[in-house]
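Student: I need the structure of the sequence given here:
(chains A, B, C and D)
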Protein chains: 2
Amino acid sequence: MQRTNFGQMACSIARTLDVVGEPWSPLILRDVFVGITRFDQLQADLGISRKVLTERLKWLVDQGVLARQCYSKRPSRFEYVLTAKGHDLCDLLLVMTAWGDRWTSGSEGPPVLHRHARCGEISTVELHCSACKQPMRARDISVEAGPGSRSTSA
Amino acid sequence: MQRTNFGQMACSIARTLDVVGEPWSPLILRDVFVGITRFDQLQADLGISRKVLTERLKWLVDQGVLARQCYSKRPSRFEYVLTAKGHDLCDLLLVMTAWGDRWTSGSEGPPVLHRHARCGEISTVELHCSACKQPMRARDISVEAGPGSRSTSA
DNA sequence: CGCAGTAGGTTCCGTAAGGGAACCCGCTGC
DNA sequence: GCAGCGGGTTCCCTTACGGAACCTACTGCG
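Tutor: Residues are numbered from 1 along each chain as shown, chains lettered A, B, ... in the order given. Here you go, the predicted structure:
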């Protein structure tokens, strides 16, 4: 379908969506994050079509989220690894996990747990304010125009 | 296209994507969050096709993320408001904004700023551990199977 | 040597989802 | 009684997805 281009919008949400807004990308990142880094592994684990996987990987590499790394020459084999930009994106996965755990996991409980390396506890992620370090939720903030805003909205 | 169903996967990320994984949904939530709540307003602001907007709104209402509220009978008019479930999802928007600001906003700076109501400062969002309250990034965690995991992966 | 197997894709086709524009319907105000 | 608005629905076209088949090194094995 002729998808609307989000990359040019003056909105960081839209620009993030331009990079990982299509449904498979976050799952690819998740897999790479947990160590599923090769083409066939990804394809088998996700059940994604090989064609679409090729396209996504190429896109994510072009966007600098993943890097295509050769782990064997002769035969030449590649794996996909997170860049710093990609690792930062994994924070988004944590928040998606938290929401999914709370609102979609039903009586079974969450499918995976996260252990925080620094304190050793099983925990979930919370959002805090970078200034005062207190909890900060969407309802606690107001939105103001920043330097990168343009006259056009969206 | 015959889209793969994410809702049945034993993964909170996939189940979250099932609800808001398609590119327009987060932008619709953003708009509703900032007070753009009516059909025509949303359509004009986003530039989304009316057909897709109808589908998305219906889906988000069905998922319990938005509620369709009558604000005038005779003529009957409706607006879309966030439920508690939807408000929680806006946390995800904050994190998307943070990533977009850091990695896609270029020299212009971020298009919008967030002021934290409790401390009054312009700030960004940080992820902290619910147990020890210290910063927690994706690289600081390890993943373990939870009660809702199934034998099948993904 | 010859053949199976593996990693990492590419090509082809059918279907369904997105975009855009036109249309519709109930109601209001003038 | 006609223009205008809010809130959609319908139609057609294009594009992207899913699935399966195919391809290209290269390697290991008998």
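Student: okay, buried residues for stretch A:115-134 please.
Tutor: A:115, A:116, A:123, A:124, A:125, A:126, A:127, A:128, A:129, A:130, A:131 (16 or more other C-beta atoms under 10 Å in any protein chain shown). For glycine as for every other residue, the C-beta is placed from the backbone atoms N, C-alpha and C.
Student: try stretch A:72-90
Tutor: Buried residues in stretch A:72-90, counted by 16+ other C-beta under 10 Å: A:79, A:80, A:82, A:85, A:86, A:87, A:88, A:89, A:90.
Student: what do you get for stretch A:97-109?
Tutor: A:97, A:98, A:99, A:100, A:101, A:103, A:104, A:105.
Student: now that stretch: mean pLDDT?
Tutor: In this model, stretch A:97-109 has a mean pLDDT of 91.
Student: now stretch A:48-66
Tutor: Stretch A:48-66 carries an average pLDDT of 96.
Student: flag every buried residue along it.
Tutor: Neighbour counts over stretch A:48-66 (16+ other C-beta under 10 Å) mark A:48, A:53, A:56, A:57, A:59, A:60, A:63, A:65, A:66 as buried.
Student: chain A: helices as residue ranges?
Tutor: Secondary structure of chain A by DSSP state H: the helices cover A:12-20, A:24-33, A:39-46, A:50-62, A:84-104.
Student: get me the contact residues on chain A for DNA strand D.
Tutor: A:1-3, A:22, A:24, A:47-52, A:55, A:74-76 (C-beta under 7 Å from any atom of the strand).
Student: contacting residues for residue A:141?
Tutor: For residue A:141, the contact set (C-beta atoms under 8 Å, 6 or more residues apart in numbering or on different chains) comprises B:94, B:114, B:115, B:116, B:117.
Student: that one bridge partners, please.
Tutor: For residue A:141, the beta-bridge partners under DSSP bridges are residue B:116.
Student: now swap in residue A:66 and tell me
Tutor: With DSSP bridges as the criterion, residue A:66 is bridged to residue A:82.
Student: contacts only, for it.
Tutor: Going by C-beta under 8 Å, 6+ apart, residue A:66 touches A:28, A:29, A:32, A:57, A:60, A:80, A:81, A:82, A:83, A:86.
Student: low-confidence regions, chain A specifically.
Tutor: Scanning chain A for pLDDT under 70 picks out A:1-2, A:150-154.
Student: make it 90
Tutor: Where chain A drops to pLDDT under 90, the residues are A:1-4, A:8, A:73-76, A:105-109, A:148-154.
Student: what does it put close to DNA strand C?
Tutor: By C-beta under 7 Å from any atom of the strand, the residues of chain A that approach DNA strand C are A:1-4, A:38-41, A:50-51, A:54, A:57, A:68, A:71, A:75, A:77-79.
Student: contacts with chain B among those, please.
Tutor: Applying C-beta under 8 Å from any C-beta of the partner chain, the subset of the residues of chain A next to DNA strand C adjacent to chain B comprises A:3, A:4.
Student: just put the buried residues of stretch A:72-90 in a markdown table and tack on distance to residue B:110.
Tutor: Formatted as a markdown table, those follow (distance: C-beta to C-beta, whole Å):
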| residue | distance to residue B:110 |
| --- | --- |
| A:79 | 34 |
| A:80 | 29 |
| A:82 | 23 |
| A:85 | 16 |
| A:86 | 20 |
| A:87 | 20 |
| A:88 | 15 |
| A:89 | 17 |
| A:90 | 21 |
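Student: closest one of the residues you listed to DNA strand C?
Tutor: Closest approach to DNA strand C among those (C-beta to the nearest atom of the strand): residue A:79, at 5.7 Å.
Student: residues contacting that closest one?
Tutor: Contact analysis of residue A:79 by C-beta under 8 Å, 6+ apart lists A:37, A:38, A:68, A:69, A:71.
Student: report the separation between residue A:116 and residue B:12.
Tutor: 17 Å (C-beta to C-beta, to the nearest Å).
Student: nope, residue A:89 is what I meant
Tutor: From residue A:89 over to residue B:12 the distance is 16 Å, taken as C-beta to C-beta.
Student: hmm, back to that, which of the buried residues of stretch A:72-90 sit farthest apart?
Tutor: A:79 and A:88 (20.0 Å; C-beta to C-beta).
Student: one step back: now the two most distant members of the residues of chain A next to DNA strand D.
Tutor: The most widely separated members of the residues of chain A next to DNA strand D are A:2 and A:74, with 42.3 Å between them, by C-beta to C-beta.
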